[in-house]
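Trainee: Sequence and predicted structure below; questions after.
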Amino acid sequence: VNVYGASKLAGEYFAAYCPRHFIFRVAGLFGTAGCRAKGGKNFVEAMLKLGGEKKELQVTSDVVSSPTYTADAALKIREILSAGKPGLYHVANSGECSWSDFAREIFIQSCLDVKVIPVERGPVENGVRRPMYSALGTVKSDPMRHWKEALKAYLVERDSCNRI
């Protein structure tokens, strides 16, 4: 739906010409290292920060994805590479949710009393057109654990990292 998506697709087409290609699609990543492009943050960290400052948050309800813990994605990618079967793979924690549902679960698991107000943003947000549905299903490998379990593990790891 945008230049970024078109360039990703073009890259996949070119990679597919290599006889032993591996393409890994991921979605909604969160992990302890954070995203350099986002100042070391991810959606979970952004929600926890905002949840510590506000008692109500408006969060997009009409965009659906597959929240994926980077530690789980790394293990799955290693498993697939070790099996040596080239191809295109979806690597995402099981299940899907809207960003507002994800935020609500973050606050529940973190014991933060924050009201999440679902807001429909539509396909264009801040002048950028985004896909409304980007959840990934696993077909070629065993499914990964549910995103709620992955979130719980992330929050435990995050807390242990912050104590050091």
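Mentor: Structure received.
Trainee: C-alpha only now, for contacts and for neighbours.
Mentor: Noted.
Trainee: Quick check, central residue of the chain?
Mentor: Per C-alpha atoms, centre = their mean, the C-alpha nearest to the average position across the chain is that of Gly28, at 1.5 Å.
Trainee: Check what pLDDT that residue gets.
Mentor: As predicted, Gly28 sits at a pLDDT of 92.
Trainee: give me every residue that touches it.
Mentor: Ser65, Ser66, Pro67, Thr68 (C-alpha atoms under 8 Å, 6 or more residues apart in numbering).
Trainee: ok, the first one - contacts?
Mentor: Going back to what we said before, that points to Ser65. Ala27, Gly28, Glu96, Cys97, Ser98, Trp99, Tyr133, Ser134, Ala135, Leu136.
Trainee: And the furthest pair within those residues?
Mentor: By the measure C-alpha to C-alpha, Trp99 and Leu136 form the most distant pair in the contacts of Ser65, at 14.8 Å.
Trainee: element containing Ile82, please.
Mentor: Residue 82: Ser, not Ile. Ser82 is part of helix 70-83, with elements assigned from DSSP states H and E.
Trainee: which residues in this structure form helices?
Mentor: Ranges of helices in the chain, per DSSP state H, are 3-16, 43-53, 70-83, 99-109, 147-163.
Trainee: Average pLDDT for the helix holding Ser82, rounded please.
Mentor: 96.
Trainee: could you give the angle of that helix to helix 147-163?
Mentor: 110 degrees (axes from the mean of the first three to the mean of the last three C-alpha atoms, to 10 degrees).
Trainee: Could you shift the numbering so residue one becomes 41, and keep it that way?
Mentor: Okay, using 41 as the starting number, the last item reads as helix 110-123.
Trainee: list the buried ones in helix 110-123?
Mentor: Thr110, Asp112, Ala113, Lys116, Ile117, Ile120 (16 or more other C-alpha atoms under 10 Å).
Trainee: Which neighbouring elements make contact with that helix?
Mentor: strand 62-66, strand 127-131 (3 or more C-alpha pairs under 8 Å, 6 or more residues apart in numbering; DSSP states H and E).
Trainee: tell me what the last one is packed against?
Mentor: So that's strand 127-131. So strand 127-131, by 3+ C-alpha pairs under 8 Å, 6+ apart, packs with strand 62-66, helix 110-123.
Trainee: show me the contacts for the spatially closest residue to Tyr129 that is not a sequence neighbour.
Mentor: Using C-alpha to C-alpha, 6 or more residues apart in numbering and skipping residues adjacent in sequence, the residue nearest Tyr129 is Phe64, 4.9 Å away. Residues near Phe64 by C-alpha under 8 Å, 6+ apart: Ile117, Leu128, Tyr129, His130, Val131.
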